[in-house]
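[1] Fold the following, please.
(one chain, ligands or ions: 1)
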Amino acid sequence: MIPPARRTFVALDTPEPPAARALAQRLAGHVGGIKLGLEFFCAAGPAGIRAVTEGLDMPLFLDLKLHDIPNTVAGAIRSVMPLAPAFITLHTLGGAAMMRAAADAAAEAAAQMGVPRPKLLGVTVLTSMSLLDLASVGVDRPVADQVALLADLAHVAGMDGVVCSPNECAVLRRRLGPDFTLMVPGIRPIWASANDQKRIMTPAAAVTAGATYLVIGRPITDAVDPVEAAQRIVTELAA
Ligand SMILES: O=C(O)c1cc(=O)[nH]c(=O)n1[C@@H]1O[C@H](COP(=O)(O)O)[C@@H](O)[C@H]1O
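    Take a look at the predicted model:
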């Protein structure tokens, strides 16, 4: 059972390594880890990741949403291994061969380096996308069916879990079993704005629905007091 204070990965969506590190240090003990993604990586790169994580005892979720031909994604996985990510994201739309190549590259690199293998998570349908958004890119099946199709593909291709919205957690948990990691953004406490998120639930409802970890950004990082906001979420989860 994951304790409430370790259930959340806080999304540090900033281009500034000093700001990301300072907030990570303040939130230690109230969140389970940090997520650094495209906004950060495009601005600060691997050196920026190291500037944040050096000496920080918090798991890193490196959210690059890799999506390319198998050889290129395998190379990208090898390139980020020295950053010691606990989780890395890929887009399941890249297909089974891409995901399998990534899984093989992660396992081989971890064995060669003598380090733990990062867990690979397949991004399914972005939580910012509605049924209409999905139709606009040529997918005519319901969102839940598209997520289930992509999650099945990820599972078969050797992913350790998927990124999905809270709306899909219950179905995926039943379908893929208790050990498949569901990393779940689209989390909004009742006191937080939805922003651009379209498929959302509260922290407690998402965990009840089957989420393994919660990914939460602006409700914490945009709060007047991020530590107090993170603690409110811990309290909600502990209730
Ligand atoms: O892969 C992700 O983490 C992700 C997938 C997804 O479908 N939706 C989604 O919001 N995310 C990320 O989760 C975080 C959510 O941030 P907030 O909307 O500020 O809570 C952002 O860093 C997104 O990049």
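[2] Could you report the distance from Gly177 to the ligand?
    According to CB to the nearest ligand atom, to the nearest Å, Gly177 stands 21 Å off from the ligand. Every C-beta, even on glycine, is put in place using the N, C-alpha and C of the backbone.
[3] again but with Asp225, I slipped
    Here Asp225 is placed at a distance of 17 Å from the ligand (CB to the nearest ligand atom).
[4] what residues are up against the nearest residue to Ala76 once chain neighbours are set aside?
    The shortest distance from Ala76 to any non-neighbouring residue, by CB to CB, 6 or more residues apart in numbering, is to Leu66 (5.3 Å). Taking CB atoms under 8 Å, 6 or more residues apart in numbering, we find Leu66 in contact with 73, 76-77, 88-91, 94, 102.
[5] Leaving out sequence neighbours, find the closest residue to Ala101.
    Closest residue to Ala101 apart from its sequence neighbours, by CB to CB, 6+ apart: Pro70 at 3.6 Å.
[6] which secondary structure elements does the longest helix along the chain contact?
    In the chain, assigned by DSSP state H, the helix with the most residues is helix 96-113. The contact analysis (3 or more CB pairs under 8 Å, 6 or more residues apart in numbering; DSSP states H and E) places helix 96-113 against helix 70-80, strand 87-91, strand 119-123, helix 143-156.
[7] Tell me if I'm right that the residue nearest to Ala101 and Asp104 touch.
    No - using CB atoms under 8 Å, Pro70 is not in contact with Asp104, being 9.3 Å away.
[8] Among the two, which residue is more densely surrounded?
    The residue with more neighbours, out of Pro70 and Asp104, is Pro70; 18 against 14, by other CB atoms under 10 Å.
[9] circling back to that earlier point, and the angle for the longest helix of the chain with helix 143-156?
    40 degrees (axes from the mean of the first three to the mean of the last three CA atoms, to 10 degrees).
[10] List the buried residues of helix 96-113.
    Judged by neighbour count using 16 or more other CB atoms under 10 Å, the buried positions of helix 96-113 are 98-103, 105-106, 109.
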